[in-house]
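> With the input below, show me the fold.
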Amino acid sequence: MILSAIVFLPIVFALILTVWPKENTIRPLALGFSLVEFFLSLSLLQRFDPSTAALQMVEKSMWIPRFGIQYYLGVDGISLWLVLLTTFLTPIIILGSWKSIETRLKGFHVAMFILQTAMLGTFLALDAVFFYVFWELSLIPMYFIVGIWGGANRIYATIKFFIYTMFGSLLMLVAIIYMMYLTQEATGTMSASILDFYKLKIPFVGHDIFSLQTMLFFAFALAFAIKVPLFPVHTWLPDAHVEAPTPGSVILAGVMLKMGTYCYLRWIIPLFPEAAEYWAWIFLVLGTVGIIYGALVAMVQPDIKKLVAYSSVSHMGYIIIGMFVFNQYGITGGLLQMLNHGISTGALFLLIGMIYERTHSREISKYGGLAAVAPIYSILFFIITLSSIAVPLTNGFVGEFLILLGVFKAYPIYAYFAVSGVVLGAVYMLWMFKRVFFGEPGELFKDEHHPVSDLSLREIAVMVPLVIMVFWMGLFPNHFMDYSKASIDHLVKNRTNYNLTQTQNTNENAQARWQGEEK
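Modelled structure (predicted):
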């Protein structure tokens, strides 16, 4: 029942907060709840057996028998770290929102915990309808987080975000229903289990856009591409980031975008292997264009938050091209880069939020000389900048290196263009850093009574775990990759005939392994 507890405990926390009578204790109570969830999720590492690609800790029960819809949860090497990323970032976001969210505290934290359940369910659900419920549920709390606590144009950004993602989701729903009927034709029993979907032999005809596998492939792929977001369906993201409050930007960049990239590995590549291989060139082209386009547009942004938003478009392009070369290097780098991006870009949005609370401005031209005013802030921002531009010894380097290695091994021409994104990323991030932190004091600091002070102990506490992760993942990447190796190897080797099994007595086996290692 450990997975059920991890997924639904945040809902319990949300219900408790809803009826909690003391408004002034909402923040510490929510922080405590989020830490309980995080430490509970750490138990997955003890229970998880990295030597197998099979689904582990599976919980399965019939939900709607008539349509073969099940309550079905399980974890493997592909989803494990994304679950932990979600639970790791949540307490950091809550602690970081101490000053940025000042109204309707109860509603905000309730929305955060509902969103956490939706994201965790998306990563762990193994029934298509069950998965779709969590996928759609994530839109509702995010809609309110941006729409209530966002900036001046929050309504426009919220509606745009909702329309884009809902359009893609409806296409996916049609495809899910059709595949449920396909399982009935193949086996005589309707099922929404992704394991039953893997067993389907869906017809594919090359050069035919109306081939059944191709149509189903694009129905799913478009929904996930919008969530990533992949160029050219990315335009909702900069608006959502700029208008979202700091916690909303962090959870959006840190976890919600990864829902889209994760689903390419869980759904697209194994379900539609022939279509994925045949149409991979589209995603390689769009991913490469997104890398360069996102970097170039970021370079000319006057708003520091919008600059980081466009950098996300560029970084997510790397993940896409890594996955669509179908080799161990590319997919391992893509999965690792999902974690890296969640850490580094989430940290950037937190840092931007911290300075915005003091100056109420995100215009780069108004800054300058900040290093002399806030040295601790400047050092932390520089470390995260190095992570974002993939400097060796930081987490970003390992992921991008593996992705480029995998792409070069499969399609060198795309690697030649994609590597330019590394250079452009360094240009826009370091140029921004120079203008904000060095040079003559900007408009905000000319007055001796400027509003900027260095970071408080609370803000340092927010950043320390993220900085630790930057160097831990950069210096010891195998601590993370080893848990995913078996699942990725299984996906690469069996992509055209993919299937997953379920382990028996998973908890006992994993605990015995840990006890043996301790001895």
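
> Check this structure for its longest helix and report it.
When the chain is parsed with DSSP state H, its longest helix is helix 154-187.

> For it, name the packing helices and strands.
If contacts are counted by 3 or more C-beta pairs under 8 Å, 6 or more residues apart in numbering; DSSP states H and E, helix 154-187 sits against helix 128-137, helix 139-149, helix 194-198, helix 212-227, helix 236-243. Heads up, the C-betas are built off the backbone N, CA and C, glycines and all.

> Any idea which of these gets closest to Phe33?
Phe33 lies closest, by C-beta to C-beta, to one member of these: helix 139-149, at 15.4 Å.

> The closest one: how far from the chain's middle?
Taking C-alpha atoms, centre = their mean, to the nearest Å, one finds helix 139-149 lying 18 Å from the centre of the chain it belongs to.

> Stretch 474-484 too?
Counting by C-alpha atoms, centre = their mean, stretch 474-484 comes out at 18 Å from the chain centroid.

> what does that stretch contact?
Outside of stretch 474-484, the residues within contact range by C-beta atoms under 8 Å, 6 or more residues apart in numbering are 45, 48, 50, 77-78, 80-81, 332, 335-336, 339, 387, 392-398, 472-473.

> Try it again at 6 Å.
Residues outside stretch 474-484 that contact it (C-beta atoms under 6 Å, 6 or more residues apart in numbering): Pro50, Gly77, Leu80, Thr332, Leu335, Leu393, Thr394, Asn395, Val398.

> Give the buried residues for the host helix or strand of the fourth one.
This points to Thr332. Following DSSP states H and E, one finds Thr332 within helix 328-359. By neighbour count on 16 or more other C-beta atoms under 10 Å, the buried set for helix 328-359 is 328-356, 358-359.

> same deal with stretch 147-159?
Neighbour-count burial for stretch 147-159, with 16+ other C-beta under 10 Å as criterion, is recorded at Gly147, Ile148, Trp149, Gly150, Arg154, Ala157, Thr158.

> Would you mind putting the CA coordinates of that stretch into PDB?
What follows is stretch 147-159 as a C-alpha-only set of coordinates in PDB (Å, rounded to 0.1, in the frame of the first residue of the first chain):
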ATOM      1  CA  GLY A 147      -5.400  32.500 -11.900                       C
ATOM      2  CA  ILE A 148      -5.700  33.600  -8.200                       C
ATOM      3  CA  TRP A 149      -2.100  34.300  -7.100                       C
ATOM      4  CA  GLY A 150      -0.600  35.300 -10.500                       C
ATOM      5  CA  GLY A 151       0.300  38.600 -12.100                       C
ATOM      6  CA  ALA A 152      -1.600  41.300 -13.900                       C
ATOM      7  CA  ASN A 153      -2.300  39.200 -17.000                       C
ATOM      8  CA  ARG A 154      -3.000  36.000 -15.100                       C
ATOM      9  CA  ILE A 155      -6.400  35.400 -16.600                       C
ATOM     10  CA  TYR A 156      -5.100  35.500 -20.100                       C
ATOM     11  CA  ALA A 157      -2.200  33.200 -19.300                       C
ATOM     12  CA  THR A 158      -4.400  30.800 -17.300                       C
ATOM     13  CA  ILE A 159      -7.000  30.400 -20.100                       C
END
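
> For the helix holding Thr332, which helices and strands make contact with it?
Here helix 328-359 touches helix 80-96, helix 246-251, helix 304-323, helix 375-388, helix 395-410, helix 457-475, helix 478-493, going by 3 or more C-beta pairs under 6 Å, 6 or more residues apart in numbering; DSSP states H and E.

> Let's see that with 7 Å instead.
In this structure, helix 328-359 packs against helix 80-96, helix 246-251, helix 257-263, helix 304-323, helix 375-388, helix 395-410, helix 457-475, helix 478-493, with contacts taken as 3 or more C-beta pairs under 7 Å, 6 or more residues apart in numbering; DSSP states H and E.

> coming back round to it: so for Lys493, which of the helices and strands packed on helix 154-187 sits nearest?
Per C-beta to C-beta, nearest to Lys493 of the helices and strands packed on helix 154-187: helix 194-198, 14.6 Å.

> Which residues does the closest one contact?
Applying C-beta atoms under 7 Å, 6 or more residues apart in numbering, the external contacts of helix 194-198 come out as Leu126, Asp127, Ala128, Met179, Thr183, Pro270, Leu271, Tyr498, Asn499, Leu500.

> before we move on, the earlier item: which one of the contacts of stretch 474-484 is nearest Val7?
Using C-beta to C-beta, those come closest to Val7 at Leu80, 14.0 Å.

> if I pick the closest one, what's in contact with it?
Neighbour list for Leu80: Leu44, Phe48, Tyr483 [criterion: C-beta under 7 Å, 6+ apart].

> if I look at the second one, how far off is Leu55?
Read it as Phe48. Distance of Phe48 to Leu55, computed by C-beta to C-beta, to the nearest Å: 11 Å.

> Now do the shared contacts for those two.
In contact with both Phe48 and Leu55: no residue, using C-beta under 7 Å, 6+ apart.
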